[in-house]
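Peer 1: Generate coordinates for the sequence data below:
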Amino acid sequence: MLNTNGTGAEGAMTYPAAQNDLNLQRKKLAHEQAEIRLKKFTRNRASVFGLAVVTLVVLLAVFAPVIAMHDPLTMNTADRLQGISAQHWFGTDNMGRDVFSRVLYGARISLTVGFTVGITSGLLGLIIGLYASTNQVADNILMRICDGLKAIPSTLLAITMMAVLGADIKNVIISLIVVNIPNMARLARSQALVVREQTYIEAMRCLGSSRKRILWAHVVPNILSPMIVQMTFVFASAIITEAALSFLGAGVPAPAPSWGNILKEGKDVIYTAWWMILFPGIFTALTVLGLNLLGDGVRDLMDPRNS
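Peer 2: Below you'll find the predicted structure:
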């Protein structure tokens, strides 16, 4: 027999109390899962090293106006090709500009390009891949376009687009987004096709859920993990490609500081001013290495098979 407040004769728990208890259990479970994931990530020393490197580079880029001792664009021919000293930690370039300041401000450009390309290509690839997975005609058209873009070497495609659009940081970002969208779109499509064949998706269809609700409420959350992991690798790849474009003269135009154009200016004086090659090269290599190690750690963290 039930009382008017919804409890049984034996004084069973009321519905609001049961709901509150369920919510507490969910919060406790989520907290325990977060602790397990954090411990799992910290056990991976390579991923922790990658996170530390990326964090350090980001902090140096953010606080470049405070840390840099000189204006990266100010030229002083009297100090050209000066070696490492207390006044110029990384020496000076062939225009007398402080290499340390230019490397720090170059980090801003590289990280901005990498982050923007990673996020934008990931979102656009996700939308294209999802749409292709639900429409056979669109699938054939979109995937053939992606196949055509993938058939062209990425650096060559980026150089061609820069030749058409012109040397500018915005055009660098646009060209790298176009280069990376095919990989992101194919990944999103393949993952969506796998998820759509799962039993619980069939159950949702039988219960009358709309295609839109199934797609955004059930398919998307289950394909975000591989997409996020791939975006970290696109981030690193975009930094390398931007540096290559700038080195070839098709990227960020001078005198804006970029790791690529610093290397370009240093190649002509490599034997007399080796620091112009060494320091931007180290920053580029460490940043890409850190992002790749961090991406590996995120992949292992999000993969339920790696417990």
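Peer 1: quick one: low-confidence parts of the stretch 201-307 of the chain?
Peer 2: Segments of the stretch 201-307 of the chain classed as low confidence (criterion: pLDDT under 70) are 302-307.
Peer 1: do that again at 80, thanks
Peer 2: Residue ranges of the stretch 201-307 of the chain with pLDDT under 80: 201-218, 254, 299-307.
Peer 1: where along it do the strands fall?
Peer 2: Ranges of strands within the stretch 201-307 of the chain: none, based on DSSP state E, counting those that start in this stretch.
Peer 1: Quick check: the gap between residue 244 and residue 139.
Peer 2: Applying CB to CB, to the nearest Å, one obtains 33 Å for the distance of residue 244 from residue 139. For glycine as for every other residue, the C-beta is placed from the backbone atoms N, C-alpha and C.
Peer 1: Quickly note the distance from the nearest residue to residue 112 once chain neighbours are set aside to residue 217.
Peer 2: Once its chain neighbours are removed from consideration, residue 112 has its nearest residue in residue 169; the separation is 7.7 Å (CB to CB, 6 or more residues apart in numbering). Counting by CB to CB, the separation of residue 169 from residue 217 is 37 Å.
Peer 1: Looking at residue 11 now. What's its pLDDT?
Peer 2: On the pLDDT scale, residue 11 is placed at 46.
Peer 1: Next: the one 4 residues further on.
Peer 2: Residue 15 carries a pLDDT value of 62.
Peer 1: Next: residue 18.
Peer 2: For residue 18, the predicted pLDDT is 69.
Peer 1: Relative to residue 144, how far out is the closest residue to residue 288 other than its chain neighbours?
Peer 2: Sequence neighbours aside, residue 236 is the residue nearest to residue 288 in space, at 4.6 Å (criterion: CB to CB, 6+ apart). As judged by CB to CB, residue 236 and residue 144 stand 28 Å apart.
Peer 1: and those two? which has more neighbours close in?
Peer 2: Taking other CB atoms under 10 Å, residue 236 and residue 144 do not tie; residue 236 has more neighbours (21 against 10).
Peer 1: Now whichever helix or strand residue 59 is part of - C-alpha only, CSV.
Peer 2: According to DSSP states H and E, residue 59 maps onto helix 45-62. Included here for helix 45-62 are C-alpha records, laid out as CSV according to Å, rounded to 0.1, in the frame of the first residue of the first chain:
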residue,chain,number,x,y,z
ARG,A,45,55.7,10.2,-19.0
ALA,A,46,56.0,11.0,-22.7
SER,A,47,52.5,12.6,-22.7
VAL,A,48,53.3,14.6,-19.5
PHE,A,49,56.5,15.8,-21.2
GLY,A,50,54.5,16.8,-24.3
LEU,A,51,52.0,18.7,-22.2
ALA,A,52,54.8,20.5,-20.4
VAL,A,53,56.5,21.5,-23.7
VAL,A,54,53.3,22.8,-25.2
THR,A,55,52.3,24.7,-22.1
LEU,A,56,55.7,26.3,-21.9
VAL,A,57,55.6,27.4,-25.6
VAL,A,58,52.1,28.8,-25.1
LEU,A,59,53.1,30.8,-22.1
LEU,A,60,56.1,32.2,-23.9
ALA,A,61,53.9,33.2,-26.8
VAL,A,62,51.2,34.8,-24.6
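Peer 1: how about residue 98, phi and psi?
Peer 2: For residue 98, the backbone dihedrals (degrees, to the nearest 10) come out as phi -70, psi 120.
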